[in-house]
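J.: How does the following fold in three dimensions:
(one chain, ligands or ions: 2)
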Amino acid sequence: MILLAIETSCDETSAAVIRDGRILSNIVSSQIALHHEYGGVVPELATREHLHNLVPVTEQALHAAEVTVGELDAIAATQGPGLAGALLIGLKAAEALAFSLRKPFIGIHHHEAHLYSPWISGDPPVADFTDFTPSVSLIVSGGHTILVQVKAELKHEVLGSTLDDAAGECFDKIGKLIGLPYPAGPEIDRLSREGNPKAHNFPRPMMNEPGDDFSFAGLKTSVRYFVQKNPTLLDDPKNLRDLCASVQAAIVEVLVKKTIRAAERLGVDCVTASGGVIGNSALREQLAVACKKAGLKLRLADRKFSTDNAAMIGALAERKLRAGFSTALDAEIEPSWAL
Ligand code: KG4
Ligand code: ZN
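T.: Ligands and ions are numbered 1, 2, ... in the order given. This is a model prediction of the structure:
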């Protein structure tokens, strides 16, 4: 099966071609530079940019895969959740292509695609589910922080999610507060490497509460007050690095503790993690250490497939089409689709 997948849920225009699990191409055009000056994604600008980029990105993906439109067996696109206008561009273009080719179409849940992205690995990359095992899975990104129990392939149950800000949003908003460019997550990661994570003891919201939900808004507020009380602190680069390392330590400790605790409670032997924030070096390291200590296998999404990309949409689409699922061609976008 040769499949074209399209992802336009937020600020990345992406197209990928997949043949029998092999990722033949995965082109990602990021809009970060466009939204930079606004300190966050501007939905209307994102929509227009997708409109502008989608055809060249798709052509590039087909060209890199050495596949022609006529050879495609199926088309997939992100149906939700995401920004309404942004989703509309990718979904309707994919439906139109499927209609004109008379090929099956499938709309994919963006978070569900993140969920299975840790099973894409290797060089060249392949979506390989042969070692698939029930797991507890952390999806942690700019728009979502979700803990999921994956009982079997394509069968999962949400254990908890953030009650307010997502972890990536917390990185980005705190970054904005201390003068870092958007998105601040990678910059905080970089600055933290030479900072002291114990310099400030910021709160670990909901870490020791019994449920699997998260909350990060309180941490952001606590950093805001701290910076207001110490206005000259950030004049010294060492203080900035210490502050970043302390913020990162708080976010990472909550994510790691709650994930491991859920895995132990549910008796699974595997933890997986995906989404943009899983690019964070401290989170990767500390999940590895904690899983080793708890005797759990760990599968982290490869950095190439942790931020938004169409390869993960295509990998899940192929599994779903093979399992007999497809989507009617007049599908609506699902901006708030629950996992
Ligand atoms: O999955 P993604 O590309 O888009 C969403 O679906 O949100 O994730 C983007 C988020 C941003 O909040 C960004 O700051 C964060 O992932 N991020 C990181 C790192 N790399 C990306 N956060 C912390 N450390 C990183 N290294
Ligand atoms: Zn995402």
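J.: Any regions of the stretch 1-150 of the chain where pLDDT drops low?
T.: Scanning the stretch 1-150 of the chain for pLDDT under 70 picks out nothing.
J.: Quick check, residue 40 in contact with residue 168.
T.: No - contact criterion C-beta atoms under 8 Å: residue 40 and residue 168 do not qualify, at 11.4 Å. For every residue, glycine as well, the C-beta is placed using N, CA and C.
J.: Neighbour count for those two, which is higher?
T.: Higher neighbour count among residue 40 and residue 168: residue 168, with 26 against 15, using other C-beta atoms under 10 Å.
J.: Is residue 151 within a helix or a strand, and which one?
T.: strand 145-152 (DSSP states H and E).
J.: Show me which positions of that strand end up buried.
T.: Within strand 145-152, the residues that count as buried by 16 or more other C-beta atoms under 10 Å are 145-150.
J.: What is the nearest of those residues to ligand 1?
T.: If you rank the buried residues of strand 145-152 by distance to ligand 1 using C-beta to the nearest ligand atom, residue 145 comes first, at 10.0 Å.
J.: Run a quick neighbour tally on residue 336.
T.: Applying other C-beta under 10 Å, we find 8 residues neighbouring residue 336.
J.: Please apply the same query to residue 237.
T.: That count, for residue 237 with other C-beta under 10 Å as the rule, works out to 11.
J.: Also residue 319?
T.: Using other C-beta under 10 Å, residue 319 has 17 other residues around it.
J.: and it, what does it touch?
T.: Neighbouring residues of residue 319 by C-beta atoms under 8 Å, 6 or more residues apart in numbering: 116, 127, 129, 153-154.
J.: Please repeat the previous calculation with a cut-off of 7 Å.
T.: The contact partners of residue 319, by C-beta atoms under 7 Å, 6 or more residues apart in numbering, come to 153-154.
J.: can you tell me the helix or strand for it?
T.: helix 310-322.
J.: roughly how far is that helix from the heart of the chain?
T.: Centre-to-centre, helix 310-322 and its host chain are 16 Å apart (C-alpha atoms, centre = their mean, to the nearest Å).
J.: ok, and for that helix, which residues are buried?
T.: 310-321.
J.: Quick check: the residue of the stretch 51-200 of the chain nearest ligand 2.
T.: residue 141 (4.4 Å; C-beta to the ion).
J.: sorry, back to before: out of the buried residues of helix 310-322, which is nearest to ligand 1?
T.: Out of these, the member with the shortest distance to ligand 1 (by C-beta to the nearest ligand atom) is residue 312, at 9.7 Å.
J.: Surely residue 25 forms part of a helix?
T.: No - assignment of residue 25 by DSSP: H, G, I helix; E, B strand; the rest coil gives strand, placing it outside any helix.
J.: Provide the strand pairings for the strand holding residue 151, with the direction of each partner.
T.: Here strand 145-152 is paired, per DSSP bridges, with strand 135-140 (antiparallel), strand 155-161 (antiparallel).
J.: How about that strand and ligand 1, any contact?
T.: No - applying C-beta under 6 Å from any ligand atom, one finds strand 145-152 separated from ligand 1 by no less than 10.0 Å.
J.: if you skip the residues just before and after it, what's nearest to the residue of the stretch 151-300 of the chain found nearest ligand 2?
T.: As assessed by C-beta to the ion, ligand 2 sits closest to residue 275 within the stretch 151-300 of the chain, at 5.8 Å. Spatially, and ignoring its direct neighbours in sequence, residue 275 is nearest to residue 141 (3.4 Å; C-beta to C-beta, 6 or more residues apart in numbering).
J.: you'd agree that neighbour is up against residue 169?
T.: No - Residue 141 is beyond contact range of residue 169, at 8.8 Å (criterion: C-beta atoms under 7 Å).
J.: still on that earlier bit, give me the contact list for the strand holding residue 151.
T.: Strand 145-152 is touched from outside by 111, 115, 134-139, 156-162, 166-167, 212, 214, 258-259, 262, 266, 339, with contacts defined as C-beta under 7 Å, 6+ apart.
J.: Which ones, among those, also lie beside ligand 1?
T.: Applying C-beta under 6 Å from any ligand atom, the subset of the contacts of strand 145-152 adjacent to ligand 1 is empty.
J.: The top helix by length along the chain to strand 145-152, inter-axis angle?
T.: In the chain, assigned by DSSP state H, the helix with the most residues is helix 237-266. If you take axes from the mean of the first three to the mean of the last three C-alpha atoms, to 10 degrees, helix 237-266 sits at 30 degrees to strand 145-152.
J.: and helix 237-266, how far out from the chain's middle?
T.: In terms of C-alpha atoms, centre = their mean, the centre of helix 237-266 is found 18 Å from the chain centre.
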